[in-house]
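J.: Task: produce atomic coordinates for the following.
(one chain, ligands or ions: 1)
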Amino acid sequence: MDIEKIRQDFPMLQGKTMQGKPLIYLDNGATTFKPKPVIDEIVAYLSDYTANAHRGDYDLSYVVDTKYEQVRADVAKLINAPNPKEIVFTYGATDSLNLIAEGYAKTHLGQGDEILICVAEHAANTLPWFKVAREVGAQVNYIDLDETGRVQMEVVKRAVNDHTKIIALAHVTNVLGHVLPVKEICDYAHERGIIVVIDGAQSVPHMPVDVQDLDMDFLVFSAHKMCGPTGVGVLYGKYDLLKETTPTRLGGGSNSRYNSCGVVSLKNPPEKFEAGTPNIEGVVGLGAAVRYLMAIGMDQIAAYEEELRAYAVKRMQEVDLVEIYNADAKMGPIAFNIKNVFSQDAASLFNKYGIAVRAGQHCAKILDEYLKVSTTVRASFYFYNTKEEIDAFVEVCKKGDDFLDAFF
Ligand SMILES: Cc1ncc(COP(=O)(O)O)c(C=O)c1O
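T.: Residues are numbered from 1 along each chain as shown. Alright, predicted model coming up:
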C-alpha cells in the first residue's frame, strides 16, 4: 500500500491544522475522512444527475435508479452477500439496530425470552434491546468478558440457555477492539435456533467481512466510518429473515398498493424498509467509498492497520505514564489513560498539540463495570494514518509533566 499516494486522495489530510499545529486525526472510530472520489460522487449527484430514486419515468431518474441499485450490488460484493436484495439502506448502524430490534425482535420474542449482549457493546447495540425486552417481557443478559476483555466461545456456551433467542454482539468493539469469534458463535447459535446480530460498525471498515462464511443472520454498519458520508448505513439480513421483519417506517416507495379501507400491500425487501425519499447523495457516496476501499483491498487495509496498531502499542508502552487497557487486541482502537490525569483533560492536551483523540465512555457506558475506570482516552486509526503520526502522538504522551503540571 502506498500510503503517501493514498493520503493525496484526502482533502482533510492536506495541510490542515488544529491549534496552529499540523492536524493528526486519531479519532477514526468516531468518523473517518472522505477521499476525493467519494466527495466527487456526492457533488456529481448534486450538480449533474439530481433526481429522485425509484419515482420517475424519464432518463435522469433512470440514471439515479441505476446508480442507486449499483451501490446495493457493490455493498453486497464487499461483504459477500449472495443477493443484493439482502442489503437495506438505513441512516446508520444505530438505525439498522433499531430496525432489527423493533421490526424483528419485537414480533419474534415474548415473555421470558432472552437477548444476550456483553458490557462492551455500544449504546446502539444495547438500548434498543433494553426497550424491546421491556415491551415484550424478555430479558437482556450478559456474556462475561474474560480478563483480557474478550468474548470467549466457552463463556458464550455457558451463557446460552433454552430462553436465549438472540445474541447481539459487536464484531469489533469500539473501545476494547477484540475480534469476536463470529463463525463459532453463529454455528453454536444456529444449532439452537438462535439468531445472531452482528454490529460491524468497527469491523467492516477495517477488515474483510464475509457474511456467507461467518453465517451471521444480521449485520449492520455505517458509511461514515468507512470513508463515506454521514446519515447512511446498511442493514444486511438473510432474505428469509428480512421477509419476516416488519418495517418501522411506512410511506412512499415501500408499498405496492393500498386502499381507502387501510389495506396495505408492502413490497418485498429491501424496498419495504426504504419508505420515503432516501438519502440518495449518501447512498451514492457510500458506493464510491466501497469501491475505493475494495480497490485498495480489505486484506491490505487490515494488515496495514494491524501493523500500525502494534507499532503504536509498542511505542506507548515505552512511556511509563501511559496505561493501556487493550494492548493485546489485534484490531480496533487503543484505550488508555495517562496515569493520574482525567481522560478529558488528557484529550484537551493532545488537542493543544494538534492531535484529535476521543475521551470519555465512548457510548459504552456499562463497560466501566468491567474496566474499573470510569473513562478512557481512545486513539483509533485508519489506513491513512502513518507511523510518523504515531511518533508525534507518543511524544505528546511522554509530556507527562505537562499533563500533571497543568492540573495539579
Ligand atoms: C461499535 C459501534 N456500533 C454502533 C455505532 C453507531 O454508529 P452510528 O452512530 O453511525 O449509527 C458505533 C459508533 O461509534 C460503534 O462504534
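
J.: any idea where the helices of the stretch 151-300 of the chain begin and end?
T.: 153-159, 182-191, 211-214, 239-243, 280-296, 298-317 (DSSP state H, counting those that start in this stretch).

J.: which helices and strands does the shortest one pack with?
T.: In other words, helix 211-214. helix 182-191 (3 or more C-beta pairs under 8 Å, 6 or more residues apart in numbering; DSSP states H and E). (Glycine included, C-beta is placed from N, CA and C.)

J.: For the helix it packs on, give the mean pLDDT please.
T.: For helix 182-191, mean pLDDT is 98.

J.: For it, buried residues please.
T.: By neighbour count on 16 or more other C-beta atoms under 10 Å, the buried set for helix 182-191 is 182, 185, 186, 188, 189.

J.: which stretch among the helices of the stretch 151-300 of the chain comes nearest the ligand?
T.: helix 280-296 (11.7 Å; C-beta to the nearest ligand atom).

J.: Touching the closest one from outside, list them.
T.: With C-beta atoms under 8 Å, 6 or more residues apart in numbering as the test, helix 280-296 has contacts from 1, 6, 9, 34-35, 37-42, 44-46, 52-53, 64, 67-68, 70-71, 74-75, 77-78, 89, 205, 223, 226-232, 234, 301, 383.

J.: Close to the ligand: what parts of the stretch 1-150 of the chain are there?
T.: With C-beta under 6 Å from any ligand atom as the criterion, the stretch 1-150 of the chain meets the ligand at residues 29, 92, 93, 94, 122, 124, 125.

J.: which one among those gets closest to residue 267?
T.: Proximity of those to residue 267 (C-beta to C-beta) peaks at residue 92, which lies at 22.5 Å.

J.: Without its sequence neighbours, what residue ends up closest to that closest one?
T.: Spatially, and ignoring its direct neighbours in sequence, residue 92 is nearest to residue 233 (3.8 Å; C-beta to C-beta, 6 or more residues apart in numbering).

J.: Also residue 323?
T.: Leaving aside its chain neighbours, residue 323 sits nearest to residue 337 (5.1 Å; criterion: C-beta to C-beta, 6+ apart).

J.: Tell me the strands beside the strand or helix carrying that neighbour, with direction?
T.: Secondary structure assignment for residue 337, by DSSP states H and E: strand 334-338. Using DSSP bridges, strand 334-338 pairs in its sheet with strand 322-324 (antiparallel), strand 376-379 (antiparallel).

J.: Take the contacts of helix 280-296 and keep only those in helices.
T.: Judged by DSSP state H, the contacts of helix 280-296 include 6, 37-42, 44-46, 64, 67-68, 70-71, 74-75, 77-78, 301 as members of helices.

J.: per-residue pLDDT, residue 205?
T.: In this model, residue 205 is scored at 98, pLDDT.

J.: Can you tell me the closest non-neighbouring residue to it?
T.: Leaving aside its sequence neighbours, residue 205 sits nearest to residue 226 (C-beta to C-beta, 6+ apart; 3.5 Å).

J.: okay, now the residue nearest to residue 323: neighbour count?
T.: Neighbours of residue 337 under the rule other C-beta atoms under 10 Å: 20.

J.: Quick one: residues contacting it.
T.: For residue 337, the contacting residues are 322, 323, 325, 343, 346, 373, 375, 376, 377, by C-beta under 8 Å, 6+ apart.

J.: That one and residue 120: what is the separation?
T.: From residue 337 across to residue 120, the span is 17 Å (C-beta to C-beta, to the nearest Å).
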